[in-house]
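**Student:** below is the sequence, then the predicted model.
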Amino acid sequence: MDDIFLVPVIHKYLLYSPLHHFVALVDRHAAQLIRAGLNTQDSVPEVLKTIAEQLHSVEINPPTVRTGMLDDPLFLGMIPTRNCNLGCRYCDFAAPKLDGPVMSLDTARQTIDAYLNLLKAAGRDYGEVHLFGGEPFFAMEVVQFIVEYATLGASELKLNIHFEAITNGIYNSKSCRWIADYFDTIILSLDGPAEIQERQRPARNGHNPFSTIIRNARVFSEAAVELIIRVCVTSQTVGRMAEIAAWLGEEFRPSTVCFETLTESQLSRASGLMPPSPWEFVRQFVDATRVLDRYGIEIVLSTTNMQNIQTSFCPVGKDALIVSPDGTLHACYLLPEDWSRNNLDLRFGRVAEGRFEIDDQALQRIRSLSVYDKALCSNCLCRYHCAGGCHVNHHLAGAKHYDDLCIQTRLITIAKLLLQMKQDELVDEWLTNRPAMEASVMQPTDRLFRLEPIP
Amino acid sequence: MANLVVTDVCNMKCSFCFAHDYLRKSSFISLEAFEQRLDFIERSDINEIRLIGGEPSLHPRFPELIALAQQRGKHIVVFSHGLLSERALACLESLPVEECTILINMNATRTPGQRNTQEQHQRWMTLRRLGQRALLGFNIFEANPQFDFILPLILEANCRRVIRLGLAHPILDGQNEYLHPKQYPMVGHKISQFAKTAAELGVKLELDCGFVRCMFSNDDMETLHQAQADIGWRCNPILDVDLTEQVFHCFPLSGKVHRPFFPDADARNLRALLVEQTRHYRMAGIYKECSTCSFRQRDECMGGCLANTMKRFQPAALRLRVPDDVVADWPRAMA
Amino acid sequence: MSGNQSYEVLINPHPLYWVRDREQILIVDEQSQEIYALQHVEAAVWTWLALAYSYAKIVELSTAMLGVPSAEAEQRLQVIFQNWQNTGILAIEAR
């Protein structure tokens, strides 16, 4: 009951209870009556009874941190190589980018054996293999072996395996057709039309790969593979989000477009790339939502996915098994150098002799990284879906105030809930009223029972 | 069932048109050839005469074609975009309601992607005059189809209380806009919701060929049953008899799966030949899962549109150099 | 392999169309009106062939996949290629 949130939106209030899957728009008086009614079991006016009943109904349990044996991994992640043929101006993945280690066929084989055996022993019939990089298809032979070997093993054990990869889209036509036919989901990084893509994601060899990426995106569009397009938004491109959305919708038939804001880094600053203002981003995000809706395409900002009630935003803490090229087991696909800058160690074992050798202490330490340890999140309506965001890049330790990432997540969460209730006019009015937006996201607590008085 | 192509001329530019690549000529069927086709229909015990194009009403002797068809005493079906000349409209209006169905394609347009109020007005006038003769159809080629506008038109123009929904299928090796099978589940849900709204107004949905069972969730199926929607999981050769004495499986496959049309042809034999010509592709379906799907095994689905299925296949271009000493012991099967 | 090694070339002798399904590869031979379903190792080998991998690479990948010595993997490959020649989907190109 404590996890009911109330946020002012101009002259109305958004009442949201993620654990009841409940959302409503009420006025101040109604909010006060509901609060009083829920607190004291006093009678609530007839017109508000349905709301009070729903909030009195059994809520789902708050999400908990995992314990016990690792027998339900979120997915198997494999990093065939950290190498990549692009030199993205915001990508901090460490050098060397072209001649770093590549996973051996033997490591790949042992990893898949370990994963399939784990699934079988746990009585499961479904698994997921996700490929990360660098650019995973830069080690194409290894990937092709992984898919064939996993398919063969899964078939023998009567398991169904879903294959997914995140990719930059640079390979020849034959390889692209193979990816389109053999993968279930492809997440393609494509920041926009030529001038944006070339500025933000140039090739390392000076060539312009844009036409290759577009050709391959069209192959994915025409094939059965689910295509998700990931767009990195900067302060320079934020004003073009609706245009980018229309272009992607018209050209590539993606199921989903993820608009993610740039993660600021030394390299991005040196390249003159900055994240957009959260206030501008939410306006553009709403415009892009409407554009993509016409094409039946879902829009996503990863920290605002309210389908997931969770204690951690990412694979960390969900027992994802992410295997690096040398067979080390990680909880996160980012580089160890990145974790250690934030005093994190996300290693928890290794692959050896066809099984996962898991360091139980490390596993428990990683599982405990959750929203419950993030003080700033405790009163935020986004705590059960954003869960504090990326453990590596979103620095919340000791934070007293919401930063731009928090503000953007809070704004978009509110906008999405209002749009879900078809409150388009209210959203438009709110988006042009900066003080009202600030009042929505800057209140010290969103908890209905801690707001004193209701603002 | 068989469709008689009476012209390959059309004055619309629908982006989803299955006959897109076919409509490049300017031919009209002769009355003599049309009579031959009518003999074929009778000989084959087919109970409908279905006129298709292009746009059949653009045939300069359209009223005479209709009169010849009428003489055979069978139900007449005309596939039209509904933007008819006064002459063609008067001809169709004169047919008794119970003897004809004018299937109007509600999203045919000269200006794809743009709202065309002039066309909408003209089609509205057509519907009002055809009344119960008109059955409204809609081709779905986008993941978020907007078909709600059809319901008030049916009620106001007093057309038949049925909407025929078709999926836009790809022309094999062609260039039309079509609904990709990966978009089907989203559309499936929208159709079920539309069926519910339509049923509340006394209108039933009739689903055309190429639908698959798995595009509808169990809840969607329940909604469709309650709305008494007519659902089939068909993909059979209808037989389109064209102007160049060819019979093809359907427009999407017209370039690949066809047979010659002989004066003494029989529809049953032609259909069997076309089925045989495509038999080996039927083991697959529009999805990776179709060949081992339980709906398919229980005959609750046919695996969707054959053009979509065949589009998934790619030509093999194998070329492997094997060292001589390795091959030395192999039996020699020369190409 | 030495630089002056001579080769035979394996090809599909007439047009074939193929598709990858969830549990198998289907190959349609329009000439003979036959359809073939390849599963397990055969499906993987077909894929590597279609991707134009060299014989040596296919042996290497098969060795890793089967977890056997490369000579044994090569023998398995020979059986597969012979089966395919018998069914007519593969042939040695005439010189």
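**Tutor:** Yep, that arrived.
**Student:** low-confidence ranges, the chain, go.
**Tutor:** In the absence of a named chain, this looks at chain A. Chain A contains residues with pLDDT under 70 at A:41-42, A:93-96.
**Student:** meant chain C, my bad for not saying
**Tutor:** The model of chain C has pLDDT under 70 over residues C:1-3.
**Student:** what sits against the spatially closest residue to A:Ser17 that is not a sequence neighbour?
**Tutor:** Once flanking residues are discounted, A:Ser17 sits nearest to A:Ile4: 4.5 Å by CB to CB, 6 or more residues apart in numbering or on different chains. All C-beta spots, glycine's among them, are computed from the backbone N, C-alpha and C. Counting by CB atoms under 8 Å, 6 or more residues apart in numbering or on different chains, A:Ile4 touches A:Leu15, A:Tyr16, A:Ser17, A:His20, A:Leu38, A:Leu55, A:Arg447, A:Leu448, A:Phe449.
**Student:** which of the residues you listed lies closest to chain C?
**Tutor:** A:His20 (38.3 Å; CB to the nearest CB).
**Student:** next, A:Val238: phi, psi?
**Tutor:** phi -60, psi -40 (degrees, to the nearest 10).
**Student:** separation between the most centrally placed residue in chain C and B:Pro63?
**Tutor:** Nearest residue to the geometric centre of chain C (CA atoms, centre = their mean): C:Trp46, 4.5 Å. Counting by CB to CB, to the nearest Å, the separation of C:Trp46 from B:Pro63 is 58 Å.
**Student:** so which residue of the stretch 251-400 of chain A comes closest to chain B?
**Tutor:** Chain B sits closest to A:Gly296 of the stretch 251-400 of chain A, with a gap of 2.9 Å, by CB to the nearest CB.
**Student:** that residue and B:Glu142 touch, don't they?
**Tutor:** Yes: A:Gly296 is within contact range of B:Glu142, at 6.8 Å (criterion: CB atoms under 8 Å).
**Student:** neighbour count for those two, which is higher?
**Tutor:** B:Glu142 (20 against 17; other CB atoms under 10 Å in any protein chain shown).
**Student:** quick one on the thing from earlier: for the residue of the stretch 251-400 of chain A closest to chain B, which three-state class applies?
**Tutor:** Assigned with DSSP: H, G, I helix; E, B strand; the rest coil, A:Gly296 falls in the coil class.
**Student:** per-residue confidence at the residue nearest to B:Gln36 when sequence neighbours are not counted?
**Tutor:** Spatially, and ignoring its direct neighbours in sequence, B:Gln36 is nearest to B:Pro263 (6.0 Å; CB to CB, 6+ apart). pLDDT, B:Pro263: 77.
**Student:** how many neighbours does residue 69 have?
**Tutor:** Going with chain A. 11.
**Student:** you looked at the wrong chain, it should be chain C
**Tutor:** Neighbours around C:Pro69, by other CB under 10 Å: 10.
**Student:** and the strands in the stretch 251-400 of chain A, which stretches?
**Tutor:** A:256-261, A:298-300, A:321-323, A:328-330, A:347-352, A:355-358 (DSSP state E, counting those that start in this stretch).
**Student:** distance to chain B and mean neighbour count added to these, as CSV?
**Tutor:** Formatted as CSV, those follow (distance: least, CB to the nearest CB, whole Å; neighbours: other CB atoms under 10 Å in any protein chain shown):
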stretch, distance to chain B, mean neighbour count
strand A:256-261, 12, 21
strand A:298-300, 9, 17
strand A:321-323, 25, 25
strand A:328-330, 31, 22
strand A:347-352, 29, 20
strand A:355-358, 29, 16
